Each structure stands twice: as C-alpha cells, then as structure tokens.
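# attaching a predicted model along with its sequence, questions to come.
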Amino acid sequence: MASLGSKSALVARLLQAKKDSGKTYNEIAKKTGLTNAYVAQLFRRQAHLKPDTAKVLKAAVPTLSDDLVAAMQEIPLRSYDPTIIQDPTIYRLNEAVVHYGESIKDIINEEFGDGIMSAIGYYCSVEKVKGQEGEDRVVIIMNGKFLPHVEQKAEGNVAKLAPSS
C-alpha cells in the first residue's frame, strides 16, 4: 500500500473525507447499493473495497482522493482498538451478545444443527424504528451463513501426512 501512515491515520483521513462530503452512511449506502454497516466498515478499514464498487463509491463521495480510494482497495488488517470497548455503545453491544449469546447459540443449534453463524459472507445493517411508545429504537440485523461442523473421519482426509519412510 502506498504509505499513508498508520491505520488510525488512514481511518482519520477517510472519516474526514466522509464528513467533508456531508453524507451519512445511509446516503452513501443508497448510492452504492451496499448496506450502511458495510459502508461504515469500508471507512473504518474493516472491509475491502472491490474495484467495481470503488468507482461507485468515488462518485457517491467525491471528497475521497484517489490515494484514499486506492488504500481502501487494499486488503485490510481487520482489527479493533481495545480501548474503544470503553465506548458505551460498543460496551452495550458486547454485553448484549454475551447476555444473549448462549440462548442464540441454542436456537441456532435447534434450527440448523451443530454449527456456527459465519462472519464471512456476512451482512449487517442498522435501522432506526419507532417503538410502541414512540421512542426511537435500534434494530441491528445480523445475517450470517450457517456453517455446519463436520465429523472428522480419517478416511478421505486430504490433509493426511504422508507415511514416513
């Protein structure tokens, strides 16, 4: 990647370009055909900008310089800053997953069998709805592919070690 500094410096530049555009993640998502969460992941360098989408994103956010668009097309180092866990929203999201995690796992296993929800081929979106009392409510849709666990039989294992001589 062209030297654009640290990941945090790059993210700061990307977020500034977004801010300078005056557009929200929802507005950019509508113009690009992506989910709002995926757009946010692109600007946070947690997702990889595909070449075909780069043109559409550049048109939607003209404040993105060519070097920033090129950097967004590099495969990212997906990571997080552990100090951000202190942010109340992120802390509460973690708390909700921890609190509901075993129950969600039980339901997945009842409905699908022994396996997991993958974060590869994963879709996420965040929506705003009104509650029954007129309050604003957050709806997070997490849509992941089910991957069954497989029984590991020795026969047919293509990764078997060759017999030693």
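Done, it's in. Note that the coordinates shown come from a computational prediction; the quantities given were computed from them, not determined experimentally.

# from here on, just use CA atoms for contacts and neighbour counts.
Will do.

# for the nearest residue to Val138 once chain neighbours are set aside, grab the count of nearby residues.
Closest residue to Val138 apart from its sequence neighbours, by C-alpha to C-alpha, 6 or more residues apart in numbering: Lys128 at 5.2 Å. Neighbours of Lys128 under the rule other C-alpha atoms under 10 Å: 10.

# same check on the one 4 residues further on?
The criterion is other C-alpha under 10 Å. On that basis, Gln132 has 8 neighbouring residues.

# thinking again about what came up before, quick one: contacts of whichever strand or helix holds the residue nearest to Val138?
Assigned by DSSP states H and E, Lys128 falls within strand 123-130. Outside of strand 123-130, the residues within contact range by C-alpha atoms under 8 Å, 6 or more residues apart in numbering are 35-38, 136-144.

# 7 Å instead, please
Thr35, Asn36, Ala37, Asp136, Arg137, Val138, Val139, Ile140, Ile141, Met142, Asn143, Gly144 (C-alpha atoms under 7 Å, 6 or more residues apart in numbering).

# what comes into contact with the helix or strand bottoming out on mean pLDDT in the chain?
Lowest mean confidence among the helices and strands of the chain (mean pLDDT, DSSP states H and E): helix 88-112, at a mean of 89. The contact list for helix 88-112, computed with C-alpha under 7 Å, 6+ apart, reads Ile85, Gly115.

# and that helix, what's buried?
Across helix 88-112, burial judged by 16 or more other C-alpha atoms under 10 Å covers Ile108.

# how distant is that helix from the center of its chain?
Its chain's C-alpha centre and that of helix 88-112 lie 17 Å apart, by C-alpha atoms, centre = their mean, to the nearest Å.

# I'd like the average pLDDT over whichever helix or strand comes after that helix.
Counting by DSSP H and E, the element after helix 88-112 in chain order, helix or strand, is strand 115-117. Here strand 115-117 scores 93 as its mean pLDDT.

# strand partners of strand 115-117, parallel vs antiparallel please.
Sheet partners assigned to strand 115-117 using DSSP bridges are listed as strand 146-148 (antiparallel).

# I'd like the average pLDDT over the strand it pairs with.
Averaged over strand 146-148, pLDDT sits at 94.
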